[in-house]
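Enquirer: Generate a structure from the sequence data that follows.
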Amino acid sequence: MGIFSRFTDIINANINSILDKAEDPEKMVRLIIQEMEETLVEVRTQSAKLIADKKDLGRRVEKLGHEAEGWERKAEVAISKGREDLARLALKERGNSDEARTAIESDLEVIEVNLQRLLEDIGQLQQKLVDAKARQKALILRGKTARSRMGVKRQLHAVDIDDAMNRFERYERKMDDLEGEVESYDLGRRTLSDEIADLEADDQLDEELQKLKARLGHEPVDGADESPEKPSGE
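Expert: Numbering: from 1, shown residues only. Below you'll find the model as predicted:
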């Protein structure tokens, strides 16, 4: 009965509950599937043996039935020949054959019930095995994700993130102050190159202004006399 007890434990096992208590979900999933596969092989072997026993007992039942019929005919022959004593013995043998056949038929009924239950159990185990393999990857990923989240939670618990961000912001303000201080040294200290660059920029701006005035007709034509002509004779 050990095989049936262990098989029942697997059938009734709550895989998720086992995984929740496991330190290594991936390893536990592999072990569960391996245990199911090994049990499936063992149960199939047991069912094959029961089927073989059933066939053997069936042949014995058939043989005992033929024997009972044979003793029945022999009793009839003895009666027809006036040998009642032999007929009595033949009937006794027929009774023995019938009793043996009845006992074996009873055993066959028990075997048939157990075999039917075993086949149902095999079907359940096969379905659970298919389901476990289909969920194996998802369960492993769940375990990895849970471990990753736990690592983050532990890190958050071990380090004061708010304090770290506040320190980061203080360092950032210090850098801003330092850069501002560097830039303040350059204020009011113009070099010769800076002044020449400004002159070049002014010339370019004057040139662009003259072009704009000419395009709009506000620029006098080259060589034209800007003063109005006086009338002749004056």
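Enquirer: distance of Q124 from D131?
Expert: Distance of Q124 to D131, computed by C-beta to C-beta, to the nearest Å: 10 Å. To be clear about C-beta, it is placed using only N, CA and C from the backbone, and glycine gets the same treatment.
Enquirer: buried sites along stretch 125-144?
Expert: Judged by neighbour count using 16 or more other C-beta atoms under 10 Å, the buried positions of stretch 125-144 are 125, 128-129, 132, 139-140, 143.
Enquirer: ok, these vs R101, which is closest?
Expert: The closest of the buried residues of stretch 125-144 to R101 turns out to be L125 (C-beta to C-beta; 35.3 Å).
Enquirer: And for that closest one, nearest residue in space, chain neighbours not counted?
Expert: Residue nearest to L125 in three dimensions, not counting chain neighbours: L40, with 5.4 Å by C-beta to C-beta, 6 or more residues apart in numbering.
Enquirer: Check which helices and strands the strand or helix carrying that neighbour sits against.
Expert: Taking DSSP states H and E as the criterion, L40 maps to helix 25-80. Packed against helix 25-80 by the contact rule (3 or more C-beta pairs under 8 Å, 6 or more residues apart in numbering; DSSP states H and E) you find helix 2-11, helix 15-21, helix 84-158.
Enquirer: average pLDDT across it?
Expert: For helix 25-80, the mean pLDDT works out to 88.
Enquirer: and the gap between I79 and L89?
Expert: 12 Å.
Enquirer: In this protein, what helix or strand scores lowest on average pLDDT?
Expert: helix 2-11 (a mean of 50; mean pLDDT, DSSP states H and E).
Enquirer: Domain map for this structure?
Expert: 2-159, 163-215 (automatic domain parsing).
Enquirer: what sits against K49?
Expert: With contacts defined as C-beta atoms under 8 Å, 6 or more residues apart in numbering, K49 has no neighbours.
Enquirer: Point out where this structure drops to low pLDDT.
Expert: Of all residues in the chain, those with pLDDT under 70 make up the ranges 1-25, 153-162, 164, 182-192, 194-195, 218-234.
Enquirer: Find the centremost residue of it, please.
Expert: Centre of the chain computed as the mean C-alpha position; nearest residue by C-alpha atoms, centre = their mean is A138, 1.2 Å away.
Enquirer: What separation is there between that residue and G151?
Expert: Taking C-beta to C-beta, one finds A138 at 20 Å from G151.
Enquirer: same question, R173
Expert: Taking C-beta to C-beta, one finds R173 at 32 Å from G151.
Enquirer: Over to E179?
Expert: 37 Å.
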